[in-house]
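Asker: Next comes the sequence, and after it the predicted model I'd like to discuss.
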Amino acid sequence: MDTLDDVLLDAAEKMDRTLKVLKEQFAGLRTGKASPALVENVQVSYYGTPTRLRDIAGISAPEPRLLVAAHIIPDRDRRGQPEVSNGIAMSTLHHAAYDANLMGIDPDGKVHINHELLEIHDGPMLAALPNIKGSRMTMPSSPGFRPNRDYLAERFDQFKLVA
């Protein structure tokens, strides 16, 4: 029969493991914020075996608190569902520009900046925008994690009307 110390030690170890799992799960609940914790426990098929994404891929963000999950088709549209194919992780500044159609992304992932925005010289805040003009998004290798090309095309058409 176990002593009281053995029972308490076993209970403490189980509580520590439970708290660790709970913290990992809470890390993925930062609504509206793109963070590596949001996807690291996603199960993917790895050679036919369900595997956590973090076990087969390095997931990082330079400063995850400045990343947000931007909808391609806005959530006010019935198709604007919170799905991987309808989202792009980007900085808060780029998200604001994207939502205002000051920045567009074509179906091939090429970034376009509204010419009026490029003419503004306000110092460091907008200085990074010309550097990303013409660059291409890095697309996930798995097709299931890529943005929907039709959604990108539709949203890019809206950008072109404004730009």
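Answerer: All right, it came through fine. Numbers count the residues shown, from 1 in each chain.

Asker: helices and strands of the chain: which one has the lowest mean pLDDT?
Answerer: Taking mean pLDDT, DSSP states H and E as the measure, the chain has strand 43-46 as its least confident helix or strand, at a mean of 54.

Asker: any weak-confidence spans in this structure?
Answerer: By pLDDT under 70, the weakly predicted segments of the chain are 1, 22-65.

Asker: Longest helix in it, please.
Answerer: If you go by DSSP state H, the chain has its longest helix at helix 4-27.

Asker: who does that one touch, helix- and strand-wise?
Answerer: Under the contact definition 3 or more C-beta pairs under 8 Å, 6 or more residues apart in numbering; DSSP states H and E, helix 4-27 sits against no other helix or strand. Heads up, the C-betas are built off the backbone N, CA and C, glycines and all.

Asker: all strands of the chain, in order?
Answerer: Ranges of strands in the chain, per DSSP state E, are 43-46, 49-52, 67-71, 87-91, 103-105, 111-113.

Asker: got a list of contacts for the fifth one?
Answerer: Residues outside strand 103-105 that contact it (C-beta atoms under 8 Å, 6 or more residues apart in numbering): 88, 94, 97-98, 111-114, 117, 129, 137, 147, 152, 155-156, 158-160, 163.

Asker: Which of those fall in helices?
Answerer: The members of the contacts of strand 103-105 that map onto helices under DSSP H are 94, 97, 98, 117, 129, 152, 155, 156, 158, 159, 160.

Asker: For the last one, which non-adjacent residue is closest in space?
Answerer: In space, and not counting its chain neighbours, residue 160 is closest to residue 104: 7.0 Å by C-beta to C-beta, 6 or more residues apart in numbering.

Asker: Name the residues of the longest helix of the chain that are buried.
Answerer: Residues of helix 4-27 classed as buried by neighbour count (16 or more other C-beta atoms under 10 Å): none.

Asker: roughly how far apart are the residue nearest the centre of the chain and residue 132?
Answerer: Closest to where the C-alpha atoms of the chain average out (C-alpha atoms, centre = their mean) is residue 89, at 3.3 Å. From residue 89 across to residue 132, the span is 14 Å (C-beta to C-beta, to the nearest Å).

Asker: Please name the residues that touch residue 150.
Answerer: Residue 150 makes contact with residue 107 under the criterion C-beta under 8 Å, 6+ apart.

Asker: how far away is it from residue 6?
Answerer: Residue 150 sits 61 Å away from residue 6, taking C-beta to C-beta as the criterion.
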